[in-house]
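>>> need coordinates for the following:
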Amino acid sequence: MPLVRNYCCCAIPLLNAGIYITLTEQLVVAITAGILTFATPALVGVSIPGFAPTIFGILCFIVAAVQLIGYFGVIRESTTAFRRYTTLHLLSILAVFAYSAAFIAVSATKHSTASSKCVNTFFPPDASATATSFTGADTEGKTLCNIFTWVNVGLLAALWVVLAVFHLYLYLVVTGYGAVQRDDHSKYYALYSFNSFPAGSQNPLRTSDTIGLNNMDAWDTRESMDTVGFEKQNAQYAGVTSTYPPASFRQDGAYGGQQRY
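Model (predicted):
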């Protein structure tokens, strides 16, 4: 996907603003989700075990910590570090979404338990009320909580789908940056290694295609062919007598006449 390899969010250049925005978004979302898990009260419209929010918060903080490896790989331009970050990021994100999907499904199957919890929380029985009014209030409470719990589960499922699609796109951005980074490094090292070009590829350093030599090695250690040219030139003028004055005596007007060396 060329668009993912070049741009983030269809407009921001991936190098380097796009990848920093991607890492920052994932870091902020993970930290925010982890803090909200511990700082907010329990959801009334869902029915999950008490330890579930704690584990979810820990997983979110793990995702946030993994983003630091991504920052290191981008800042230091380390392909190894960024490749490891991509793997760890995928595993941690899958763990978060799989864990949350499991407990959304559990909440949907325990609808009656969540509805009863909602009634006890928002519509507690009034000791001073008559039997008729108590029955009416109880019926209204059950109806409202029945609707409320289903709406709550539906909102959680919709939020899960939106975040899953969005982070899938961000993962494609991350992998696209990793591919660009590795291609850039391979091209850079190719300038110093003849063997880095695949067999049969168009190597711009192949001398057999440029100067007609039979040797396929671009880093040929043989002497320069210029020596042959100088030898031919010396042989051509070997029998010609030089008319230049001897080095010990020369007529040079610029130095006031005869100059002796």
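>>> only C-alpha atoms for contact and neighbour calcs from this point on.
Will do.
>>> domain-wise, how is this structure divided?
2-192, 204-237 (automatic domain parsing).
>>> buried ones in the host helix or strand of residue 119?
Here residue 119 sits within helix 111-122, counting by DSSP states H and E. Going by neighbour count (16 or more other CA atoms under 10 Å), the buried part of helix 111-122 is 111-119.
>>> out of these, the closest to residue 165 would be?
residue 111 (26.5 Å; CA to CA).
>>> wait, that closest one touches residue 148, no?
No: if you go by CA atoms under 8 Å, residue 111 and residue 148 don't touch, sitting 10.4 Å apart.
>>> the helix holding residue 119 packs against which elements?
helix 131-190 (3 or more CA pairs under 8 Å, 6 or more residues apart in numbering; DSSP states H and E).
>>> which helices and strands does the helix it packs on pack with?
Going by 3+ CA pairs under 8 Å, 6+ apart, helix 131-190 lies up against helix 2-6, helix 19-39, helix 79-109, helix 111-122.
>>> out of those, which comes closest to residue 154?
So among the helices and strands packed on helix 131-190, helix 79-109 is nearest, using CA to CA, at 8.9 Å.
>>> got the angle between that closest one and helix 111-122?
In terms of direction (axes from the mean of the first three to the mean of the last three CA atoms, to 10 degrees), helix 79-109 departs from helix 111-122 by 80 degrees.
>>> which elements pack onto helix 79-109?
helix 52-75, helix 131-190.
>>> alpha carbons of the first one, as PDB, please.
Which is helix 52-75. The C-alpha coordinates for helix 52-75 follow below in PDB (Å, rounded to 0.1, in the frame of the first residue of the first chain):
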ATOM      1  CA  ALA A  52     -11.100  -7.800  35.100                       C
ATOM      2  CA  PRO A  53     -10.500  -4.000  35.100                       C
ATOM      3  CA  THR A  54      -7.200  -4.500  36.900                       C
ATOM      4  CA  ILE A  55      -5.900  -6.900  34.300                       C
ATOM      5  CA  PHE A  56      -7.200  -4.600  31.500                       C
ATOM      6  CA  GLY A  57      -5.300  -1.600  33.000                       C
ATOM      7  CA  ILE A  58      -2.100  -3.600  33.300                       C
ATOM      8  CA  LEU A  59      -2.400  -4.600  29.600                       C
ATOM      9  CA  CYS A  60      -2.900  -0.900  28.600                       C
ATOM     10  CA  PHE A  61       0.200   0.100  30.500                       C
ATOM     11  CA  ILE A  62       2.200  -2.600  28.800                       C
ATOM     12  CA  VAL A  63       1.000  -1.200  25.400                       C
ATOM     13  CA  ALA A  64       2.200   2.200  26.500                       C
ATOM     14  CA  ALA A  65       5.600   0.900  27.500                       C
ATOM     15  CA  VAL A  66       6.100  -0.900  24.200                       C
ATOM     16  CA  GLN A  67       5.700   2.500  22.400                       C
ATOM     17  CA  LEU A  68       8.900   3.600  24.000                       C
ATOM     18  CA  ILE A  69      10.700   0.900  22.100                       C
ATOM     19  CA  GLY A  70       9.200   2.400  18.900                       C
ATOM     20  CA  TYR A  71      10.500   5.800  19.800                       C
ATOM     21  CA  PHE A  72      13.900   4.400  20.300                       C
ATOM     22  CA  GLY A  73      13.900   2.600  17.000                       C
ATOM     23  CA  VAL A  74      12.800   5.800  15.200                       C
ATOM     24  CA  ILE A  75      15.200   8.200  16.900                       C
END
